[in-house]
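K.L.:
The following comprises the amino acid sequence and a computationally predicted model.
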Amino acid sequence: MQTTQQFIKDNQERFLEELLDLLRIPSVSADPAYAGDVRKTADAVAEHLSKAGADNVEVIETAGHPIVFGEKIVDAAKPTVMVYGHYDVQPPDPLDLWESGPFEPVIKKTKLHPDGAIFARGSCDDKGQMFMHVKAFEAMMATDNLPCNIKFMIEGEEEVGSEHLGHFLEENKEKLACDVILISDTSIINNDTPSITTGLRGLSYVEVEVTGPNRDLHSGVYGGAVGNPINVLCEMIAGMMDENKHITIPGFYDDVEVISMEERAEMNKAPFNLENYKEDLSIGDVRGEDGFTTLERTSIRPTLDVNGIWGGYIGEGAKTVLPSKAFAKISMRLVPNQDPDKITQLFQDYFTSVAPGEVQVEVHPHHGGYPVVTPTDTPEYQAAHKAMEATFGKAPIPKREGGSIPIVALFESVLGVKSVLMGFGLDSDAIHSPNEHYGLFNYYKGIETIPYYYQYYAEMKG
């Protein structure tokens, strides 16, 4: 019988075409205008699971976008792996910065992807990485080589905070029972240096509204006498960081995990070239909290960033207006021991307390999530380590990432199960940005590696 790896090689072209078709569906979960396309994507994922050999495939309704479920139970005595991923994507804006249509995938060669990369929204985050698992499962089924039980739970609301997933987990504990959750929504250091993510930052996301006069005013008649909400908002935001790039919200750092100098030294042994980093981003220098390296700032330190700011007139030409309102979206990335609800409340208290008398402010909390650190001494992690070593030819490096996947902490609290974060993207793949892309090398390497995970995990669990 044909081996799993030979099946993968023989079907590479089809695997790519099927992913391109999936990427053509604009499954933007944040915008109600795309609700039909989100549903269409869920149906497409379900169809792929069924064709690959999954049983009990369902598109399950939630109060928001649906969840796709499927499973293959080969032996109740064998361990069960649940694959988690998401089929929804970020909005493509700003459209004018895309070199090609965000939902018209094209393959182009780049410096980091000499074999080619797929340019499309969702190519890396997370359709491409989620689809690796579907295709690896198909290959194992086609070659009669699935050594573990497998369940798939693919959701459509990750990019808007997985608002309804907690309820779904609580209501379906038996259906979702498993021994480990396998997730590919993270990155490796580079294509020559495999790595496994062992930590993720948490998140607190808020929107603020600053209101001044009861209507927009003529800036000549009222300018200099009435508080301008945009000016005030900018001053308030600027005051949240001191000269050392330290966040000034009282109590913000109270629970931050202190990392030993020894662990920090080990962390900074990971391959990293600051000049290449700056060149890739076309920046003259880096910026961040004093006393920490770039690798530390993006993994073990909390942050506060403005993700969007608006108000007044932003159309073509000029309009001399003093606006009535100004708005901003602000995210705070959190590290172990920080509670997102507590941080949100600290932000709200601080923002309200520093507002000058000429304006009124409101803080509207959005989604959040807890930071997580995963163990490296378990069979679940060691199986991933061996799998990556088998396909990359070198041992992967454990590393913490700066992003957030709130569902990881939720899985542990509701299902009592740890996750393994075995991603294959690169930090430079422009996820959430124009020209998001995913290397063909990475896509195929993921499909190649995943079957080894099942093989080694089954062996370790006996």
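P.N.:
All right, it came through fine.
K.L.:
For residue 397, give its distance to residue 196.
P.N.:
Computed as CB to CB, to the nearest Å, the residue 397 to residue 196 distance reads 8 Å. Every residue, glycine included, has its C-beta placed from N, CA and C.
K.L.:
Neighbour count: the two, which is higher?
P.N.:
Shown here are residue 397 and residue 196; by other CB atoms under 10 Å, residue 196 has more neighbours (22 against 19).
K.L.:
quick one: secondary structure of residue 128?
P.N.:
Counting by DSSP: H, G, I helix; E, B strand; the rest coil, the backbone at residue 128 sits in helix.
K.L.:
ok, now which ones touch it?
P.N.:
Counting by CB atoms under 8 Å, 6 or more residues apart in numbering, residue 128 touches 19, 23, 118, 122, 425, 438, 442, 443.
K.L.:
pLDDT wise, what is it at?
P.N.:
For residue 128, the pLDDT comes out at 98.
K.L.:
go on, residue 280?
P.N.:
89.
K.L.:
That one is in contact with residue 428, isn't it?
P.N.:
Yes: look at residue 280 against residue 428 with CB atoms under 8 Å: they come within range, at 5.8 Å.
K.L.:
Those two: which has the busier surroundings?
P.N.:
Using other CB under 10 Å as the criterion, residue 280 and residue 428 rank with residue 428 on top: 18 against 13.
K.L.:
From residue 443, how far off is the more buried one?
P.N.:
Counting by CB to CB - residue 428 and residue 443 are separated by 16 Å.
K.L.:
now residue 188
P.N.:
13 Å.
K.L.:
Find the residues that touch each one of the two.
P.N.:
The contact lists of residue 188 and residue 443 share residue 424, where a contact means CB under 8 Å, 6+ apart.
K.L.:
Quick one: mean pLDDT over stretch 57-67.
P.N.:
97.
K.L.:
Quick one: end-to-end distance for that stretch.
P.N.:
In terms of CA to CA, to the nearest Å, the two terminal residues of stretch 57-67 are separated by 11 Å.
K.L.:
That stretch: which residues count as buried?
P.N.:
57, 59, 62, 64, 65, 66, 67 (16 or more other CB atoms under 10 Å).
K.L.:
Low-confidence regions, the stretch 201-350 of the chain specifically.
P.N.:
Within the stretch 201-350 of the chain, no stretch has pLDDT under 70.
K.L.:
quick one, helices of it?
P.N.:
219-222, 229-238, 261-267, 274-281, 294-297, 340-353 (DSSP state H, counting those that start in this stretch).
K.L.:
Show me which positions of stretch 232-241 end up buried.
P.N.:
232, 233, 234, 236, 237, 240, 241.
K.L.:
need the residues you listed in TSV with distance to residue 214, can you?
P.N.:
Formatted as TSV, these follow (distance: CB to CB, whole Å):
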residue	distance to residue 214
232	16
233	17
234	21
236	20
237	23
240	27
241	31
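K.L.:
Among the residues you listed, which one lies nearest to residue 176?
P.N.:
Using CB to CB, residue 240 is the member of the buried residues of stretch 232-241 that sits closest to residue 176, with 39.6 Å.
K.L.:
Spit out the contact partners of that closest one.
P.N.:
247, 248, 249, 304, 350.
K.L.:
Please pick the buried ones from these.
P.N.:
247, 249, 304, 350.
K.L.:
neighbouring contacts of stretch 261-268?
P.N.:
So stretch 261-268 is contacted by 259, 293, 295, 296, 299, 300, 399, 400 (CB under 8 Å, 6+ apart).
K.L.:
List the contacts of the first one.
P.N.:
Just to be clear, that refers to residue 259. Contacts of residue 259 by CB under 8 Å, 6+ apart are 267, 296, 300.
K.L.:
What's the separation between the last one and residue 373?
P.N.:
Using CB to CB, we find residue 300 at a distance of 10 Å from residue 373.
K.L.:
overlap in contacts of the two?
P.N.:
Contacts common to residue 300 and residue 373, judged by CB under 8 Å, 6+ apart, are 199, 400.
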